[in-house]
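# coordinates for the following, if possible.
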Amino acid sequence: MDHMLELATRFFRNQEAFNRYEGRFDEYLRELDLDQSKEQGESRISGDRDDHIPPHTVWVWRDERARQLLAEIFYRHPEVAAEIAAQCQIWPSFIVYVDQRIGYVLNDSPWWHPRLFTEVRKSQSELETLMTSAELTWRVGENDSLRARLIGNPELLRRISQIVNCAVPFSMTLSEELNEVDRSRQTRLAPDRDARAAVLMQRISERENELRLRAGELEDKGETRA
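Take a look at the predicted model:
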């Protein structure tokens, strides 16, 4: 199961955790509602069918759709997912597995794998360098902060997973691609200040040419009268 969806599922089942954090999701649900409203407007323009259900309505149902909705919120705001996982001690199985693989790679001896000595040492070196730069440490049974960082930083989780040979969930890759699409769309739709400045300069230049032409016409008329 996708680690964010698993976290969302277990969160909904934990009544104490749900009651503690439920009020914090109002703003995130409004954010989703706003985005869905925009998509709804686009679908009306394109003539597509609209099956829009307000996120607050889905949230109350607390069914599979609500869990998927919460997983989407977690992907949008991984820092919230990390906080809930740490405070409520809800660790998705994928995060636990990556934690275990980190320990295995760090403590594995290349001398145990004569044929793979170079590969094992390379993985150790890359992992140690990355964890040092991210100020992460690994200790047996004391890795709550490490697990929270992995949940809260998808890029870090992806890079470490690659080093320790953990398959990254497809939904995680898909979420990153969708975020990239959103960023690209925002860039395309953002005002192009350079283009606006160029248009403005062109209009100023055209206006100056018009004024020069009119000034030249007035000078010609003055010489003719003289």
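
# show me what counts as buried in stretch 78-96.
Within stretch 78-96, the residues that qualify as buried are 78, 80-86, 88, 90-92, 94-95, counting by 16 or more other C-beta atoms under 10 Å. The way it works is simple: take the backbone N, C-alpha and C, and place the C-beta from them, glycine included.

# Ile53 in helix, strand or coil?
Here Ile53 is recorded as coil under DSSP: H, G, I helix; E, B strand; the rest coil.

# so what pLDDT did it get?
Looking at Ile53, its pLDDT stands at 83.

# show me the contacts for the closest residue to Glu16 other than its chain neighbours.
Here the nearest residue to Glu16 in space, its sequence neighbours aside, is Cys88; by C-beta to C-beta, 6 or more residues apart in numbering that works out to 8.0 Å. Residues near Cys88 by C-beta atoms under 8 Å, 6 or more residues apart in numbering: 11, 14, 16-17, 20.

# quick check: Cys88 vs Arg62, distance?
Here the distance between Cys88 and Arg62 works out to 17 Å (C-beta to C-beta, to the nearest Å).

# ok, now Gln100?
When Gln100 is compared with Arg62 (using C-beta to C-beta), they lie 31 Å apart.

# Leu156 and Arg147 touch, don't they?
No. Counting by C-beta atoms under 8 Å, Leu156 stays clear of Arg147, with 11.6 Å between them.

# more crowded one of these two?
More neighbours surround Arg147 than the other of Leu156 and Arg147, with 20 against 17 (other C-beta atoms under 10 Å).

# so, low pLDDT: which residues of the protein?
39-52, 110-116, 171, 173-205, 207-208, 211-212, 214-226 (pLDDT under 70).

# domain assignment for it?
Residue ranges for the structural domains of the chain, counted by automatic domain parsing, are given in the record as 1-90, 91-194.

# in CSV, list those domains along with distance to Asn209.
What follows is the domains of the chain, written out as CSV (distance: least, C-beta to C-beta, whole Å):
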stretch, distance to Asn209
domain 1-90, 41
domain 91-194, 23
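
# residues contacting the residue nearest to Asp144 when sequence neighbours are not counted?
Spatial nearest neighbour of Asp144, chain neighbours left out: Ala86 (5.8 Å); criterion: C-beta to C-beta, 6+ apart. With C-beta under 8 Å, 6+ apart as the criterion, the residues that contact Ala86 are 144-145, 147-148.

# if any of these are buried, give me the ChimeraX selection for them.
The following ChimeraX selection, which keeps only the buried ones among the contacts of Ala86, applies the criterion 16+ other C-beta under 10 Å:
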select :147,148
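
# now do the closest residue to Pro169 other than its chain neighbours against Ala81, distance only.
Here the nearest residue to Pro169 in space, its sequence neighbours aside, is Asp2; by C-beta to C-beta, 6+ apart that works out to 4.9 Å. From Asp2 across to Ala81, the span is 12 Å (C-beta to C-beta).
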